[in-house]
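Trainee: Below are the sequence and a predicted model; questions follow.
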Amino acid sequence: MPFFGAPLNAPLRDWTGRWVWVIGASSGIGRATAAALYSEGARVIVSARQAPALADFVASHPGCVALPLDVGDLQAMHAAAAQVRSLVGQGQGLALLLYCAGHYRAQSATAFDLAEMQQHLAVNYGGVLHLLDAMLPQLLASGQGHLSLVGSVAGYRGLPMSLAYGPTKAALNNLAENLYLDLQPRGIGVSIVNPGFVETPLTAQNAFPMPGLISADEAAARMLQGWARGRFEMNFPRRFTAWVRLLRCLPDAWYFAAVRRTTGA
């Protein structure tokens, strides 16, 4: 059993020549992280639905490979995974598989929208299940690699206007813990990334103040630091996420009162 503070995953520091696949790389955190990994010497495969955005990324990052992908399409996911296997080859394997695809629209139970609820579920959680179905056999066969999922501090506890988004991120946190228990003994790293507010096209729609807002480039830098330290969970910026984590420990009555007082909900 590792002692307190010891790395929970094998640290990832040297990216030179190592293959990584970033899903959700057309904008925001995914694109910034793909660029950061590229600058560290990684061989980067980028996927998203927006083929023009991927083409633009590859044009400015020579040697990267674009694989347009709808994560909600299981057949397309398997086809993309087959292409990744062909690119990477049998011997080396993927160093990192990062799922950063996400969908967000503010929603309250007083304006319930089933289609939006299902869209959040399909992209934020269902897409991960499609990825696991396509890639777990390869990861288990190689006995190496690292799977990282991008969640959110919105998954820690219920928040106003997060009826659709928050539950999908809560599911990712639980899923990552289960994956770690099953896969880490088999040589496969697992991590969950829980950002606070990051400046992306998704958060641009928010009409409320976003404390601790950071750039996507800063988020990418924090993620690379976390992988280098062998972290299981990464949350940032700490000046904001430390308080959100603390709220998880409050009794329910205190928590609901604190959220209502802070947000006016």
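Mentor: Received the coordinates, thanks.
Trainee: which helices and strands sit right next to the longest strand seen in the chain?
Mentor: Criterion DSSP state E: the longest strand present in the chain is strand 189-195. Packing partners of strand 189-195 (3 or more Cβ pairs under 8 Å, 6 or more residues apart in numbering; DSSP states H and E): strand 146-150, helix 165-183, helix 216-228, strand 233-236. (Each C-beta comes from the backbone N, C-alpha and C, glycine too.)
Trainee: Mind putting these into TSV with mean neighbour count, mean pLDDT and distance to residue 124?
Mentor: Putting the helices and strands packed on strand 189-195 into TSV (neighbours: other Cβ atoms under 10 Å; pLDDT from 0 to 100; distance: least, Cβ to Cβ, whole Å) gives the following:
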stretch	mean neighbour count	mean pLDDT	distance to residue 124
strand 146-150	24	98	9
helix 165-183	18	97	4
helix 216-228	20	94	17
strand 233-236	21	88	17
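Trainee: And these: which comes nearest residue 134?
Mentor: Relative to residue 134, the nearest member of the helices and strands packed on strand 189-195 by Cβ to Cβ is strand 146-150, separated by 12.1 Å.
Trainee: So, low pLDDT: which residues of the protein?
Mentor: Residue ranges of the chain with pLDDT under 70: 1-4, 90-91, 197-212, 239-241, 263-265.
Trainee: for the stretch 1-150 of the chain, what spans make up the strands?
Mentor: 19-23, 43-47, 65-66, 96-99, 146-150 (DSSP state E, counting those that start in this stretch).
Trainee: Identify whichever of those strands lies nearest to residue 231.
Mentor: Among the strands of the stretch 1-150 of the chain, the nearest to residue 231 by Cβ to Cβ is strand 146-150 (10.0 Å).
Trainee: so what strands line up beside the longest strand of the chain?
Mentor: Note on strand 189-195: by DSSP bridges, its sheet partners are strand 146-150 (parallel), strand 233-236 (parallel).
Trainee: Roughly how far does residue 107 sit from residue 175?
Mentor: Computed as Cβ to Cβ, to the nearest Å, the residue 107 to residue 175 distance reads 22 Å.
Trainee: Could you check stretch 245-257 and say which residues are buried?
Mentor: 245, 247 (16 or more other Cβ atoms under 10 Å).
Trainee: quick one on the thing from earlier: what's in contact with the longest strand of the chain?
Mentor: Contact with strand 189-195 is made by 9-10, 12, 29, 145-153, 155-156, 169, 172-173, 176-177, 179-180, 183-184, 214, 219, 223, 226-227, 230-236, 241, as judged by Cβ atoms under 8 Å, 6 or more residues apart in numbering.
Trainee: Out of the strands paired with strand 189-195, which gets nearest to residue 248?
Mentor: Nearest to residue 248, of all those, is strand 233-236, at 11.4 Å by Cβ to Cβ.
Trainee: Could the C-alpha coordinates of the closest one be exported in CSV?
Mentor: The C-alpha trace of strand 233-236 is given here as CSV (Å, rounded to 0.1, in the frame of the first residue of the first chain):
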residue,chain,number,x,y,z
GLU,A,233,-7.2,13.7,-9.0
MET,A,234,-6.3,17.1,-10.2
ASN,A,235,-8.4,20.1,-9.3
PHE,A,236,-7.6,23.7,-9.9
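Trainee: and the following helix or strand past it, how far from the chain's centre?
Mentor: Downstream of strand 233-236, the next assigned helix or strand under DSSP states H and E is helix 238-247. Between the centre of helix 238-247 and the centre of its chain there are 19 Å (Cα atoms, centre = their mean, to the nearest Å).
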